[in-house]
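Asks: Would you be able to build a 3D model of this:
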Amino acid sequence: MIGSRLYAVACGLAAIKQPRALPAGFQQVSNFGQNPTNLDLHVYVPAKLAPKPAVILALHGCGGSGPAYASQSRYQPLADSKGFVVLYPSSKRDSNCWDVATKQTLTHNGGGESNGLANIVNWAITNFGADPAKVFVSGTSSGCMMTNVMVSTYPELFKAASCYSGVAAGCLAGSPGSSPTSADQTCAQGRIQKTGEQWAQAVKGMNPGYTGAYPPLMTFHGEADNFVSYANLAEQLKQWSTIFGVSFTKNVTNTPLPGYTQIVYGDGTKLVGYSAKGVGHVVPVHEASDMKWFGL
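Replies: Numbering: from 1, shown residues only. As a prediction, this is how the structure comes out:
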């Protein structure tokens, strides 16, 4: 739903139809399969692509775009050194916010925005000969909200997920929109509070036929966030701790930076939260933490 104010990035982008081996660099892709909500896609391909490379789906915030998020998240130098591919899709509707409210997007193969993103991931696995066991998703604000939706609707696609300044999956279900101007603000204000089991049922209802494991989640939120309430971190942690069947274990202060508190569940391999003291909207992307969480 809600995102940071991202600035435009001037790039020379070549449109490529049905690529089989994209040249190195930042490229636009015009055909990746069924695209029910008319998403745009840009891809970063390192000059030295690893055999069976990893793939990261990186999701921008409201008012943003794939190219702008490429600058904000700074995954490209890491892609160059580690040989993985980064997918930067763009949502073009509702103030460029990801749809995290409609029945279509909150349903596996429902023909909504999550369906288009899943098609992008499957295209990339095939196109780059990627390792399906090394596919990850991350996002900021609206992109974090969609990250929660993606690991609910298509958990089989992802090995792990990380996100910044978002809300629990299904928090905006039924809202008239997903942007600051169109959405019911009850969720963003942190006033939708449920039990862990209620939140878990929201996840399971998005893909009721799924019986496998869900990808581990690492989630950050700023304690001074007045745009997407800090209360939403607790709701996310209730939701996913129930899904994973893990309980709170400990807090670790000043990790990964001074003022941040790591909130560990279980043995810390399935669910970890980060509370950032004095940080508003949004928590900056912690690329090194993402790489560690993803095993890259």
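Asks: For the longest helix along the chain, buried residues please.
Replies: When the chain is parsed with DSSP state H, its longest helix is helix 113-128. Residues 113-125, 127-128 are the ones in helix 113-128 that count as buried (16 or more other CB atoms under 10 Å). C-beta coordinates here come from the backbone N, C-alpha and C atoms, glycine included.
Asks: hmm, who's touching that helix?
Replies: For helix 113-128, the external contacting residues (CB atoms under 8 Å, 6 or more residues apart in numbering) are 19-22, 29, 32-37, 39, 41, 43, 45, 49, 53, 55, 57, 59, 85, 87, 89, 91, 98-99, 104-106, 109, 130, 132, 135, 146, 149-150, 153-154, 157.
Asks: C-terminal to it, what's the next element?
Replies: Proceeding N to C from helix 113-128, the next assigned helix or strand is strand 135-140, under DSSP states H and E.
Asks: quick one: that following strand to helix 113-128, angle?
Replies: Angle, strand 135-140 to helix 113-128, by axes from the mean of the first three to the mean of the last three CA atoms, to 10 degrees: 130 degrees.
Asks: Dump strand 135-140 to PDB, restricted to CA.
Replies: C-alpha atoms of strand 135-140 as PDB (Å, rounded to 0.1, in the frame of the first residue of the first chain):
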ATOM      1  CA  VAL A 135      14.600 -17.600  -5.400                       C
ATOM      2  CA  PHE A 136      13.900 -14.800  -2.900                       C
ATOM      3  CA  VAL A 137      11.500 -11.800  -2.500                       C
ATOM      4  CA  SER A 138      12.000  -8.500  -0.700                       C
ATOM      5  CA  GLY A 139      10.300  -5.100  -0.700                       C
ATOM      6  CA  THR A 140       9.800  -1.800   1.000                       C
END
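Asks: Could you write out the alpha-carbon coordinates of the next helix or strand along the chain from that strand in CSV?
Replies: Next in sequence after strand 135-140, counting helices and strands by DSSP H and E, comes helix 142-153. Extracted as CSV, the C-alpha positions of helix 142-153 are listed here (Å, rounded to 0.1, in the frame of the first residue of the first chain):
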residue,chain,number,x,y,z
SER,A,142,3.9,-1.3,-0.3
GLY,A,143,6.6,-3.7,-1.5
CYS,A,144,6.8,-5.2,2.0
MET,A,145,3.1,-5.6,2.0
MET,A,146,3.2,-7.4,-1.3
THR,A,147,6.1,-9.5,0.0
ASN,A,148,3.8,-10.8,2.7
VAL,A,149,1.2,-11.5,0.1
MET,A,150,3.6,-13.2,-2.3
VAL,A,151,4.8,-15.7,0.3
SER,A,152,1.2,-16.4,1.2
THR,A,153,-0.2,-16.8,-2.3
